[in-house]
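Undergrad: no FASTA, just this:
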């Protein structure tokens with residue numbers, strides 16, 4: 001138990017203090033949760049309503065539209081690429097004692113013959129460039145309600161987003177060295193799952209690299225029940241019990257870089273400690289500081305992801321032989337399995353400054369989010385002595401797979417893929433820290449003894465590693481108190 005606590009402490013220190021470090025040869029990426037802008041306006045609501053001495057029921061509703069677009073295309077490309085590269089050379093890879101051999105294809109990152117089984121591929125080569133990007137827009141709904149009438153200083157808050165997400169790998173295949181009678185699109189078609197090698201039994205049906213993928217609908221709902229430890233005109237401190245209810249979709253493993261709304265099925269519990277205080281007050285104009293610290297624990301869940309093969313670059317796309325069968329199978333088809341995804345902790349901190357003048361509010365804030373690494377385990381058992389990496393020259397008409405050493409790419413008899421050869425880390429999202437800067441402005445209006453709000457905001461988010469989202473976001477919303 002002590003050893004686990006020490007490892008967790010080291011992981012958190014690494015996340016919070018880590019430098020730019022890259023990951024590569026991954027098959028899945030879990031993005032950070034959608035960040036809320038509500039706490040920045042929360043202090044402004046409190047200050048304006050209390051300054052105007054509104055006799056209201058303590059309820060507020062906000063609707064906020066937002067748009068986000070990622071900018072770290074090359075970094076995400078290296079995450080899904082190989083050899084820490086997003087520009088991948090696929091060709092006849094030289095594997096001999098002289099790694100500097102004068103061979104025009106010896107610099108290939110991945111050997112083409114693992115996907116297209118033709119031993120005489122002469123000078124064929126394909127350059128695969130991956131520059132993933134994500135765009136997201138949606139509507140975030142906030143509801144805040146004071147429960148003073150039932151229990152003094154208690155409140156309820158609910159956040160519910162509706163999202164549209166589009167993920168695009170922007171995969172560009174550039175073939176070279178193909179003769180007029182050869183298909184220059186064979187590699188692209190293989191990765192898209194639209195064509196079979198003559199020795200294949202199945203099309204590639206998992207982790208496909210194939211165009212834009214979209215999803216729309218509800219994301220995770222967040223519910224808070226809080227209590228004011230301090231509730232005065234010029235300062236507030238509250239503590240809240242927070243639950244995250246997963247309403248989004250789960251990964252299916254059909255495509256690389258799947259769009260996922262929310263946490264992918266994790267139910268979460270945690271707490272928030274929030275506060276605001278006036279630093280300077282001239283009645284009509286004041287300066288206010290806001291802050292929040294939040295912790296979430298996301299409980300274990302089941303998801304479908306693609307495992308890798310240890311020591312094999314792009315091993316999930318190799319052609320495998322099956323014991324006793326004459327046809328080959330793309331590895332991803334059998335490596336995409338139901339996995340148990342471990343519970344993990346999230347820690348978020350927000351600090352900001354508001355300037356409130358008459359009915360106007362301008363605020364800026366900085367937030368930090370740290371998430372610990374995932375761990376995945378295979379649900380069920382891996383079929384031992386069933387699948388092996390096929391040799392480049394395997395042809396089914398010469399006999400079923402597994403009957404002779406030459407069937408295996410290693411040349412060793414019974415060189416089957418064992419459970420210990422599965423690369424679980426390929427399907428795990430590493431721990432990371434993201435930072436967000438935001439600038440927002442709001443205007444309050446009075447109408448029929450009600451307070452209305454119009455707000456606009458601009459934010460930028462970035463990470464110290466290449467395993468998460470970085471980019472700009474804009475938002476605009478309206479609100480009403482009652």
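TA: Sure thing, it's come through. Keep in mind that this is a model prediction, so the values were computed, not measured.

Undergrad: so where's the stretch 101-250 of the chain uncertain?
TA: 101-106, 118-121, 196-200 (pLDDT under 70).

Undergrad: And the helices in it, which stretches?
TA: Here the stretch 101-250 of the chain has its helices, by DSSP state H, counting those that start in this stretch, at 186-192.

Undergrad: Please enumerate the strands of it.
TA: Counting by DSSP state E, counting those that start in this stretch, the stretch 101-250 of the chain has these strands, from start to end: 110-111, 125-129, 133-146, 154-168, 172-176, 212-218, 221-231, 235-245.

Undergrad: Can you tell me what sits against the shortest one?
TA: In other words, strand 110-111. With contacts defined as Cβ atoms under 8 Å, 6 or more residues apart in numbering, strand 110-111 is touched by 82, 88, 89, 90, 91, 92, 93, 95, 313, 314. Using the backbone N, CA and C atoms, a C-beta is placed for each residue, glycine as well.

Undergrad: Can you tell me which of these comes closest to residue 252?
TA: Closest approach to residue 252 among the contacts of strand 110-111 (Cβ to Cβ): residue 314, at 20.5 Å.

Undergrad: number of nearby residues for the nearest residue to the closest one once chain neighbours are set aside?
TA: Nearest non-adjacent residue to residue 314, counting by Cβ to Cβ, 6 or more residues apart in numbering: residue 110, 4.8 Å away. Using other Cβ atoms under 10 Å, residue 110 is surrounded by 23 other residues.

Undergrad: Distance-wise, check residue 110 relative to residue 92.
TA: 10 Å (Cβ to Cβ, to the nearest Å).

Undergrad: again with residue 417
TA: Distance from residue 417 to residue 92, by Cβ to Cβ: 24 Å.

Undergrad: just residue 174 next, same as before
TA: 16 Å.

Undergrad: Of the two, which one has the most company?
TA: The neighbour comparison of residue 174 against residue 92 (other Cβ under 10 Å) goes to residue 92, with 22 against 12.

Undergrad: Let me know the distance separating the more buried one from residue 253.
TA: Taken as Cβ to Cβ, the span from residue 92 to residue 253 is 30 Å.

Undergrad: Now do stretch 276-286: distance to the chain's middle.
TA: 40 Å (Cα atoms, centre = their mean, to the nearest Å).

Undergrad: Show me which residues of it are buried.
TA: By neighbour count on 16 or more other Cβ atoms under 10 Å, the buried set for stretch 276-286 is 276, 277, 278, 286.

Undergrad: Pull up the distance across it, start to finish.
TA: Start-to-end span of stretch 276-286 (Cα to Cα, to the nearest Å) is 12 Å.

Undergrad: now stretch 291-305
TA: OK, stretch 291-305 end separation, Cα to Cα: 37 Å.

Undergrad: ok now it, how far from the chain's centre?
TA: How far stretch 291-305 lies from its chain's middle: 13 Å, per Cα atoms, centre = their mean.

Undergrad: again with stretch 364-382
TA: Distance, stretch centre to chain centre, for stretch 364-382: 9 Å (Cα atoms, centre = their mean).

Undergrad: From residue 365, how far off is residue 279?
TA: From residue 279 to residue 365 the distance is 15 Å (Cβ to Cβ).

Undergrad: Please report the distance of the residue positioned nearest the centre of the chain from residue 432.
TA: In the chain, the centroid-proximal residue (Cα atoms, centre = their mean) is residue 31; its distance is 2.1 Å. From residue 31 across to residue 432, the span is 10 Å (Cβ to Cβ).

Undergrad: what do the two both touch?
TA: Residues touching both residue 31 and residue 432 (Cβ under 8 Å, 6+ apart): residue 468.

Undergrad: Can you list the residue ranges for helices in the stretch 251-400 of the chain?
TA: Using DSSP H, counting those that start in this stretch, helices in the stretch 251-400 of the chain cover 331-335.

Undergrad: quick one: low-confidence parts of it?
TA: 397.

Undergrad: can you pull the contacts of residue 23?
TA: Residues in contact with residue 23 (Cβ under 8 Å, 6+ apart) are 78, 79, 430, 465, 466, 467.
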